[in-house]
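In: one predicted model, sequence on top.
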Amino acid sequence: MNEKLHYWMLALPALAVMIVFYIWPVLNIWGISVTEPSTGLDNYTRMFDSNAVRVSFVLTFRIAAVTTIMCLLLGYVLAYTISNFATRVTPLMLGLVLLPFWVSVLVRSFAWIVLLGRSGLVNDALIDTGLITSPIRIMHNELGVLIAMVHVMLPFAVLPMLTNMRGIDDSYVKAARGLGASEWRAFREVYFPQTLPGVFSGGLLVFVLSLGFYITPALLGGGRVMMISEYITYQIQEFLNWGLGAALSVALLVATALVLLVAGRFVNLRKTFLERG
Amino acid sequence: MPDPILSVRKAVKTYGAFHALNDVDLDIREGEFLTLLGPSGSGKTTLLSVIAGFTPLTSGSVHARGGDISRLPPEKRGFAMVFQGYALFPTMTVAENVAYPLRVRQWKRQDISDRVAECLDLVQMAQFADRMPSQLSGGQQQRIALARSLSFKPDILLLDEPLSALDKKLRADLQWELKALHDRLGVTFVYVTHDQEEALSMSDRIVILNDGQIQQQGAPDDLYNWPRTEFVASFLGKSNFINSVVLKGADGTLKAQAGGHEFPIEDHNGTAVSGETCLALRPERIRLGAPGAEMFEGRVRQISYLGERCQVLVDHAEFGEILVSHPTWHVDIRPEPHLNVSFGWERGACVPLLSA
């Protein structure tokens, strides 16, 4: 009993901060969603009837899905290379994967604006080489948002896969090849199935983070690609529509919870979020 | 000698300045149980990996009956490999694991299930066919790995320290089983180990490696009784080393002078020694007696009792410390610390070694 008390005492400061600054405000938002501007479920009926909201939700899920797939494809190859071909540059490659974590998302997003803008480096370079004559639009649209999001999210995909792959002994593939399987077949039938837990973990992490992502889509989208979190900001900042904004937040939270609930049937969530690295 | 099933010629493998293999020549006979024995870093695992096709040689070649296979990928060589960590595919059941090499070879479904059942019977694991590998103990997993390797009837089975992850008792049981399996199937086994007892108890032939070179090869009792070098004498079992002067008698017999005595020795290895020579002497070949009963006088320093035998450290004025493995039963003398004893040995107990 005494030990249990100690346990809670130790957790108390952090718990108090979470309750006061996170859980209480979230509960308030739930409250606002059913009280502003009038008591009832008006906000939710408006939300479900709104075409703009539906478009934004579809867009959010689509961008999150494409980002996840791209991150998994690029990340898998990278993680495979780092974990299977040990060379002198392996520590450097690992460092490069972790490096973005030390640079603010804001800075990285602005960097993409410099690169992708109308007179950004990419367009200038393409015009200079004569490949195009006038600037192409690679920003303030879905493509720009996707490019920057894949970049920001990539480490979250790579790290779980890397952890997973580094735990796979090379004797499995060797055994398979000794038993007669070609290199490709050994990869496909013996190695790849063992990496699926890492792929699911990385994919889930990226997908869930992408659903509620704000900074990068807002900057690269330039108000034209409105994902749900930006839509919420808009409702509150521009229209002071706290009720609908709150209702949308609740909807996003529920959607994310549903994703986790469904994913929990396939992935060990505890492992994904608690035992990484 | 019949055609070897596999030959390694002038094999050299370097990693930077390090020579993992340094000019190795090896012939493997069909059906033999060959053990590559050596300390870690001796090149034994590299040699196995070269044979399997995972490690390309820096120079030299590997030949099978069909010709040079140096450039053939592992899957085309038809040798199966068993690993220390078992390497059972964790996403497949036991039966699927054993079926894998057959599936790769596109056997018919019925043939596969017949052969899988047969192989699981062979290692007495039939009742575990539908389990996942993670549900089995280490010893059971290694049996499945064996069944999987044998299922496609490979020409050669390569075993990379397959028993070293198991506890002592289980290891001893599996040694008997492996040996029985080898005798029954007639498949060529190439076995890598650093455990000299394992090598002695199972092999038809042992190849001792050190620093990427073959030190000596031969049948276990030959190697044990007639080591050529100090390394082999001390790596395979225990040895005392005695500095002596070897003289050739008029009748061609060899005599060694050491400790103020002269005694006959045999040159079984044809090392043609003379002059200052180091002699290897096995602890169990030394007789202990009462003072004056044997050739040399000494004093017991320490005793370690092991049950069926005891290890006795005897101090001798010239030889220094002599290790004697003394029976604890049917003996005239029971050594104890500070007791004065005499010791000696029969002809042939001292083996002249090549000078390093």
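Out: Received the coordinates, thanks. The structure displayed is predicted, hence computed values, not measured ones. Residues are numbered from 1 along each chain as shown, chains lettered A, B, ... in the order given.
In: per-domain residue ranges of chain B.
Out: B:6-225, B:238-352 (automatic domain parsing).
In: now those as CSV including mean pLDDT, distance to chain A and mean neighbour count?
Out: All C-beta spots, glycine's among them, are computed from the backbone N, C-alpha and C. Converted to CSV, the domains of chain B look like this (pLDDT from 0 to 100; distance: least, C-beta to the nearest C-beta, whole Å; neighbours: other C-beta atoms under 10 Å in any protein chain shown):
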stretch, mean pLDDT, distance to chain A, mean neighbour count
domain B:6-225, 93, 4, 18
domain B:238-352, 87, 33, 15
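In: nearest to residue A:71, of the ones you listed?
Out: domain B:6-225 (23.8 Å; C-beta to C-beta).
In: save the domains of chain B as a markdown table, and put in distance to residue A:254 too.
Out: Shown next, in a markdown table, are those (distance: least, C-beta to C-beta, whole Å):
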| stretch | distance to residue A:254 |
| --- | --- |
| domain B:6-225 | 34 |
| domain B:238-352 | 72 |
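In: how about these, which one is nearest residue A:5?
Out: That would be domain B:6-225 among the domains of chain B, by C-beta to C-beta, at 38.6 Å.
In: so which of the domains of chain B gets nearest residue A:228?
Out: domain B:6-225 (37.2 Å).
In: and the contacts of the helix ranked longest in chain B?
Out: Secondary structure of chain B read by DSSP state H shows that its longest helix is helix B:168-185. Helix B:168-185 is contacted by residues B:33, B:122-123, B:138-139, B:142-143, B:146, B:150, B:159, B:162-164, B:166, B:189, B:198, B:201-202 when judged by C-beta atoms under 8 Å, 6 or more residues apart in numbering or on different chains.
In: point out the residues in chain A that sit beside chain B.
Out: Residues of chain A lying close to chain B by C-beta under 8 Å from any C-beta of the partner chain are A:169, A:171-172, A:174-183, A:185-186, A:189-190, A:193-194.
In: of the residues you listed, keep whichever come out buried.
Out: Listed as buried from those are A:171-172, A:174-181, A:186, A:189-190, A:194; burial here means 16 or more other C-beta atoms under 10 Å in any protein chain shown.
In: now intersect those with the helices, please.
Out: A:171-172, A:174-178, A:186, A:194.
In: and which of those is nearest residue A:200?
Out: Once C-beta to C-beta is applied, the member of those that ends up nearest residue A:200 is residue A:194, at 12.3 Å.
In: before we move on, the earlier item: need the max-distance pair from the buried ones among the residues of chain A next to chain B.
Out: A:180 and A:194, at 19.2 Å, using C-beta to C-beta across those.
In: just confirm residue B:310 is within a helix.
Out: No: checked against DSSP: H, G, I helix; E, B strand; the rest coil, residue B:310 lies outside a helix; its state is strand.
In: for stretch A:26-46, how far is the first residue from the last?
Out: 21 Å (C-alpha to C-alpha, to the nearest Å).
In: list the contacts of it.
Out: Contacting residues not belonging to stretch A:26-46 are listed as A:242-244, A:246-247, A:249-250, A:253 [C-beta under 8 Å, 6+ apart].
In: I'd like the average pLDDT over it.
Out: In this model, stretch A:26-46 has an average pLDDT of 90.
In: ok, and for that stretch, which residues are buried?
Out: For stretch A:26-46, by 16+ other C-beta under 10 Å, it's A:29, A:32-34, A:36, A:42-44.
In: tell me how far that stretch lies from the chain's centre.
Out: 28 Å (C-alpha atoms, centre = their mean, to the nearest Å).
In: tell me the phi and psi of residue B:151?
Out: The phi/psi pair for residue B:151 (degrees, to the nearest 10) reads phi -60, psi -40.
In: cool, residue B:83 as well?
Out: phi -110, psi 160.
In: wait, it touches residue B:148, no?
Out: No: using C-beta atoms under 8 Å, residue B:83 is not in contact with residue B:148; the gap is 11.1 Å.
In: what sits closest to residue B:236 if chain neighbours are left out?
Out: residue B:196 (5.2 Å; C-beta to C-beta, 6 or more residues apart in numbering or on different chains).
In: for residue A:242, same thing?
Out: residue A:36 (4.9 Å).
In: with residue A:231 instead?
Out: residue A:56 (4.6 Å).
In: which SS class is the one you found?
Out: Following three-state DSSP, we place residue A:56 in the helix state.
In: show me what contacts it?
Out: Here residue A:56 is in contact with A:226-228, A:231 (criterion: C-beta under 8 Å, 6+ apart).
In: sorry, back to before: the domains of chain B: which one's closest to residue A:134?
Out: So among those, domain B:6-225 is nearest, using C-beta to C-beta, at 52.3 Å.
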